[in-house]
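K.L.:
Need coordinates for the below:
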Amino acid sequence: MKFGKRLKQQIQETLPGWGDKFLSYKELKKLVRLTSSALPLLNGSFEYGKAEAEFVYLLNNEIDKFNAFFMEQEEDFIIRHKELQQRIQSVISTWGPNGSQHSEVDYKEEMGKIRKDIVNFHGEMVLLENYSNVNYTGLAKILKKYDKRTGGLLRLPFIQKVLKQPFFTTDLISKLVKECESTIDAVFPVEEKERTKERREAITVGGEGIFRNTVAALVTMKEIRSGSSTHSHFSLPPLNLPDSELMSIATQLSNSHSLINTT
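P.N.:
Numbers count the residues shown, from 1 in each chain. As a prediction, the model looks like this:
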């Protein structure tokens, strides 16, 4: 699938408010065509210089856009993660088996609400990781196209710049995602019989909203970061996520999603 179509699909599969935060790939492609059309007048051409300046200006604006959005989301996720952990401890200490006001009914009700919030939270973080991957890949592709069409040398310096940008650094988000998955496993365990059944159905259940989009994002991340004949040092490193682990994560989400619908 061509990247432009892939990007359009990603925008459709993400959260509604994120649509305008992705790479303006179509506009950048137009500028590449405009710059390459000025090549016959390359020797000191004003038109060529103007077109290249517009392309570089838009690229820098896109990077600023990615960083502002990513850092805002990251800050929000850090706060929400702490709040969720505090809510879990509060419910356990208040209505849990050894709580100060032990109540099985209240405990189940409150933990059900938290479970739903954790699944949604996990989904949003996976979508943000995917947002980073997709936009980096788009930048690498449009820069490759620019250099090929114009004979320019923008790709290397821009990629070196991108590798230092906040939106590219997803270590903290990845850590929060793993902690979220551990919490789902530890605090909301599922009987093995249910887990086996859901594992067979995890990818096909479809789901709604964030649940469905998270599974789609995981698949896209694996595709984008897999090795291929066009793999180079500009490509993202392969995602160490074998099919069995992808199925496992999807199963976790499916189990939690199913439990949410029954509480």
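
K.L.:
how much space between residue 59 and residue 129?
P.N.:
22 Å (CB to CB, to the nearest Å). In this view, the C-beta of every residue, glycine as well, is placed from N, C-alpha and C.

K.L.:
before we move on, what about residue 147?
P.N.:
Counting by CB to CB, the gap from residue 147 to residue 129 is 28 Å.

K.L.:
hey, where'd the helices end up in the stretch 1-150 of the chain?
P.N.:
3-12, 25-37, 46-95, 104-150 (DSSP state H, counting those that start in this stretch).

K.L.:
about what we covered before: looking at residue 59 and residue 129, which one has more neighbours?
P.N.:
residue 59 (22 against 18; other CB atoms under 10 Å).

K.L.:
Could you check how far the more buried one is from residue 137?
P.N.:
Residue 59 is 14 Å from residue 137, by CB to CB.

K.L.:
and what of residue 50?
P.N.:
28 Å.

K.L.:
Which of those two has more residues huddled nearby?
P.N.:
Using other CB under 10 Å as the criterion, residue 50 and residue 137 rank with residue 137 on top: 20 against 13.

K.L.:
from what I can see the more buried one touches residue 3, true?
P.N.:
Yes - under the criterion of CB atoms under 8 Å, residue 137 is in contact with residue 3, at a separation of 7.1 Å.

K.L.:
Find the residues that touch each one of those two.
P.N.:
Common contacts of residue 137 and residue 3 (CB atoms under 8 Å, 6 or more residues apart in numbering): none found.

K.L.:
where in this structure is pLDDT low?
P.N.:
Where the chain drops to pLDDT under 70, the residues are 1, 38-46, 189-212, 215-263.

K.L.:
Repeat the analysis, applying 90 as the threshold.
P.N.:
1-17, 19, 33-53, 112, 115-116, 119-120, 122-123, 126, 149-153, 180-263 (pLDDT under 90).

K.L.:
circling back: deepest-packed of the helices of the stretch 1-150 of the chain, please.
P.N.:
helix 104-150 (a mean of 20; mean count of other CB atoms under 10 Å).

K.L.:
what's it packed up against?
P.N.:
In terms of contacts (3 or more CB pairs under 8 Å, 6 or more residues apart in numbering; DSSP states H and E), helix 104-150 is packed against helix 3-12, helix 25-37, helix 46-95, helix 155-162, helix 171-187, helix 209-224, helix 243-262.

K.L.:
Which one of those helices lies nearest to residue 19?
P.N.:
Evaluated with CB to CB, those place helix 3-12 nearest to residue 19, the distance being 5.1 Å.

K.L.:
any idea of the angle the closest one forms with helix 104-150?
P.N.:
With axes from the mean of the first three to the mean of the last three CA atoms, to 10 degrees defining the directions, helix 3-12 sits at 160 degrees from helix 104-150.

K.L.:
Please enumerate residues in contact with helix 3-12?
P.N.:
Residues contacting helix 3-12 (CB under 8 Å, 6+ apart): 1, 18-19, 22-23, 25-26, 29, 130, 134, 137-138, 141, 220.

K.L.:
thinking again about what came up before, let me have the helices and strands packed on helix 104-150 in CSV, extended by distance to residue 111.
P.N.:
What follows is the helices and strands packed on helix 104-150, written out as CSV (distance: least, CB to CB, whole Å):
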stretch, distance to residue 111
helix 3-12, 33
helix 25-37, 43
helix 46-95, 6
helix 155-162, 42
helix 171-187, 8
helix 209-224, 19
helix 243-262, 10
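
K.L.:
nearest to residue 116, of these?
P.N.:
Of the helices and strands packed on helix 104-150, nearest to residue 116 by CB to CB is helix 243-262, at 4.7 Å.

K.L.:
got a list of what the nearest residue in space to residue 110 that is not next to it in sequence touches?
P.N.:
Closest residue to residue 110 apart from its sequence neighbours, by CB to CB, 6 or more residues apart in numbering: residue 91 at 4.6 Å. By CB under 8 Å, 6+ apart, the residues touching residue 91 are 107, 110, 111, 114.
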